[in-house]
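S.K.: Sequence and computational prediction follow.
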Amino acid sequence: MNKGSKYWGKKFNLIELAHTQRNITNFVKILTGKEIPVEFTITGDSMTDGEHITISSNITQDKLDSIIGLALHEGAHCTYTNFDIPKKIGNFLLEHNLIHGKEIILLLLNFVEDRRIDQLVYDTAPGYQSYYKAMYDRYFYNNTIDNGIRSNKFRNENWESYIFRIINIFNKHTDLGALAKLKEVYNILDLKNINRLENTLDSLNIACEMYKCIYNYLVTLTKDEHVKQSRLNKKDNNPKGASIKSLKNLLKKQEDFTMGKAHKQKISSLHKNKIKAISESLIKVEFIKSADKKRPVHIMDGISDASINENLYDKFHSFKYTKNDNLIEQGITKGKRLLNKLQIRNEQITSSSKRLKQGKIDPRRIYAANFEEDLFYKIDKANYKPISLNISIDGSGSMKGDKWNQTLINAIALGYVSLNMDNINILISIRTSGDVFTGGQVPLLILAFDSKKHKLKDLKKLKHYREDGLTPEGICLEALNIPNSSYYLDSYLINMSDGMPTFLDYKDEKAISDTARVIKNIKKGGVNILSYFIEREYNSHKYNAENNFKKMYGKDASFININNINEITKTLNRLLLKKELIS
């Protein structure tokens with residue numbers, strides 16, 4: 001007896017397509033015990049939402065077995081997969097502080113769940129094994145993939161390499177030494193005992209463990225360590241084999257296969273690019289208790305090219321957007337002028353004391369050796385004490401226009417100074433809210449520029465920020481983790497904002513009191529507060545706004561007109577040259 005589609009004949013006209021549809025529907029019904037509609041789609045591969053299965057109408061003889069296997073695979077999802085888990089994965093990941101890895105974890109979840117249900121069907125329905133084999137041959141087993149696994153490709157320590165190696169981890173040619181954490185991931189997955197997973201939640205827990213294993217490693221990997229480990233991964237491997245382009249095309253098909261199983265829609269190029277953007281952007285989530293409620297704050301460490309390209313959190317202008325270029329140049333020009341005034345901070349301050357009873361001999365006093373004992377001198381050297389400036393900017397929608405333009409110019413000027421001074425460290429952060437990938441708004445803290453690790457090109461990326469969103473003032477300030485002042489370091493918080501804290505239910509007196517609490521705690525660490533309320537010439541709410549602003553930041557809070565915003569850099573200029581900062 002013929003196995004597989006050979007039993008059905010070779011031609012596929014409209015009648016045979018209908019026949020194929022009915023037979024696949026019957027196969028799925030036998031497997032699942034449910035009346036699950038199987039329908040054609042004009043383009044694309046099979047997918048299911050748990051209630052319907054769609055298959056491609058572009059059926060040829062050589063693809064039929066794999067399409068049947070794919071439909072059976074989707075039918076198994078309808079029976080064994082809990083579709084509420086992937087639908088509500090955002091809540092689960094927020095609770096476990098893993099929302100930054102949502103897209104990748106979703107891919108890993110579908111991968112683990114596929115392995116679980118496929119093994120279950122393979123063990124309990126041997127009559128369907130030939131269709132499953134055809135499905136795996138089509139998506140996972142071919143010479144190109146085999147050659148790619150054995151080659152030196154996809155051996156760099158990044159998410160793309162890990163996804164390729166994980167998706168093909170059951171291939172007989174798999175090299176667990178291809179990546180530093182691949183063997184550990186393999187042990188977490190434990191394919192030989194995949195039947196130990198009883199449900200979709202078990203699969204999600206395994207996916208999260210796999211993700212954490214890789215993520216915790218990648219985020220701590222230095223550039224030098226990355227280069228060294230990637231070079232070690234490629235040692236003694238064939239540099240030839242399949243082309244990277246063909247492998248990436250196959251990887252996309254494998255990702256589409258994997259992601260299409262638990263969603264109505266397949267993974268799109270948009271989602272794929274967002275996965276890459278999130279992995280390249282160091283994003284973490286911290287839960288901050290504010291106003292008696294825990295809230296997840298998304299913290300973006302730096303502005304990466306990928307975050308701009310993909311407009312993460314709906315916060316960035318594209319690279320083609322040049323409106324702010326002139327503002328950046330104005331800021332740099334202003335920074336150069338300010339730098340000239342502050343050069344003394346780079347210089348060592350020296351004073352000489354002469355006619356001393358002890359110390360180094362002053363040769364110019366030797367002539368008096370027979371008459372005086374004050375032949376010695378001493379040189380005192382002092383440097384300006386290092387200073388840490390945390391410039392926290394309100395990036396909400398109310399800052400649009402001239403307020404933001406002037407604030408940006410001053411921030412760029414100070415950032416430029418810090419890049420050219422030895423004892424000034426500046427962190428420029430932006431407080432706002434952003435569109436999270438699961439939908440809705442979250443408090444967003446962007447650590448846009450850090451002079452200790454960033455360069456001028458990173459400072460210039462501030463021009464891509466699009467002022468928009470709400471004002472989660474105290475929430476983001478608490479997540480900032482400002483270093484305390486000490487004998488060796490003076491720490492300052494410079495706040496620039498134009499309104500009251502507002503984020504969903506975090507508003508009015510509740511938010512004002514919470515922000516005041518945060519500022520009070522920051523002051524306890526010896527951090528100096530310089531807070532500027534940027535206002536227009538006319539503000540009908542000026543009196544209330546100023547009172548509330550002083551409640552939050554103290555009686556020394558300053559109120560400056562948008563046309564006098566240069567007072568901020570003038571104040572900081574005087575501050576940086578204070579004699580008491582000399583150590």
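M.R.: Perfect, I can see it now.

S.K.: For the residue nearest the centre of the chain, name its beta-bridge partners.
M.R.: In the chain, the residue lying closest to the centroid (Cα atoms, centre = their mean) is Ile283, at 2.7 Å. Counting by DSSP bridges, Ile283 is bridged to Met300.

S.K.: so it makes contact with Val297?
M.R.: No - in this structure Ile283 lies outside contact range of Val297 using Cβ atoms under 8 Å: 11.0 Å. Where you see a C-beta, it was placed from the backbone N, CA and C, and this is true even at glycine.

S.K.: Name the residues contacting each of the two.
M.R.: Shared contacts of Ile283 and Val297 (Cβ atoms under 8 Å, 6 or more residues apart in numbering): none.

S.K.: What strands line up against the longest strand anywhere in the chain, and which way round?
M.R.: The strand that spans the most residues within the chain, counting by DSSP state E, is strand 424-435. Strand pairing for strand 424-435, using DSSP bridges, gives strand 387-394 (parallel), strand 441-450 (antiparallel).

S.K.: Out of those strands, the one nearest Leu179 is which?
M.R.: Leu179 sits nearest to strand 441-450 of all the strands paired with strand 424-435, at 28.4 Å, using Cβ to Cβ.

S.K.: Go ahead and list the helix or strand containing the nearest residue to Ile206 once chain neighbours are set aside.
M.R.: Leaving aside its sequence neighbours, Ile206 sits nearest to Val112 (Cβ to Cβ, 6 or more residues apart in numbering; 5.1 Å). In the assignment (DSSP states H and E), Val112 maps to helix 102-124.

S.K.: tell me how far that helix is from the chain's mean position?
M.R.: 25 Å (Cα atoms, centre = their mean, to the nearest Å).

S.K.: Could you do stretch 136-144 as well?
M.R.: In terms of Cα atoms, centre = their mean, the centre of stretch 136-144 is found 33 Å from the chain centre.

S.K.: quick one: terminal-to-terminal distance for that stretch?
M.R.: 14 Å (Cα to Cα, to the nearest Å).

S.K.: quick one: contacts of it?
M.R.: So stretch 136-144 is contacted by 63, 66, 69, 167-168, 170-171, 242, 246-247, 250, 253-254, 257 (Cβ under 8 Å, 6+ apart).

S.K.: Please apply the same query to stretch 519-531.
M.R.: Residues from elsewhere that reach stretch 519-531 (Cβ under 8 Å, 6+ apart): 474, 477-478, 482-486, 490-495, 497, 549, 552-554, 556-558, 571-572, 575.

S.K.: again, 7 Å this time
M.R.: 482, 484-485, 491-495, 552-554, 557-558, 571 (Cβ atoms under 7 Å, 6 or more residues apart in numbering).

S.K.: which of those residues count as buried?
M.R.: Among the contacts of stretch 519-531, those classed as buried by 16 or more other Cβ atoms under 10 Å are Ile482, Ser485, Ser491, Tyr492, Leu493, Ile494, Asn495, Met552, Tyr553, Ala557.

S.K.: and which of those is nearest Met399?
M.R.: Lowest distance from Met399 to those (Cβ to Cβ) belongs to Asn495, with 12.7 Å.

S.K.: Who does that closest one form a beta bridge with?
M.R.: Ser392, Ser531.

S.K.: Read off the pLDDT value for it.
M.R.: pLDDT, Asn495: 89.

S.K.: again, but for Met47
M.R.: The model's pLDDT for Met47 equals 53.

S.K.: For the contacts of stretch 519-531, give me TSV that also has secondary structure.
M.R.: Shown next, in TSV, are those (DSSP: H, G, I helix; E, B strand; the rest coil):
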residue	secondary structure
Ile482	coil
Asn484	coil
Ser485	coil
Ser491	strand
Tyr492	strand
Leu493	strand
Ile494	strand
Asn495	strand
Met552	helix
Tyr553	helix
Gly554	coil
Ala557	coil
Ser558	strand
Thr571	helix
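
S.K.: Just put these in CSV and tack on distance to Arg22.
M.R.: Below are the contacts of stretch 519-531 laid out as CSV (distance: Cβ to Cβ, whole Å):
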residue, distance to Arg22
Ile482, 68
Asn484, 73
Ser485, 77
Ser491, 73
Tyr492, 74
Leu493, 70
Ile494, 71
Asn495, 69
Met552, 69
Tyr553, 72
Gly554, 77
Ala557, 75
Ser558, 77
Thr571, 79
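
S.K.: Among those residues, name the least confidently predicted one.
M.R.: The weakest per-residue confidence within the contacts of stretch 519-531 falls on Thr571 (69).
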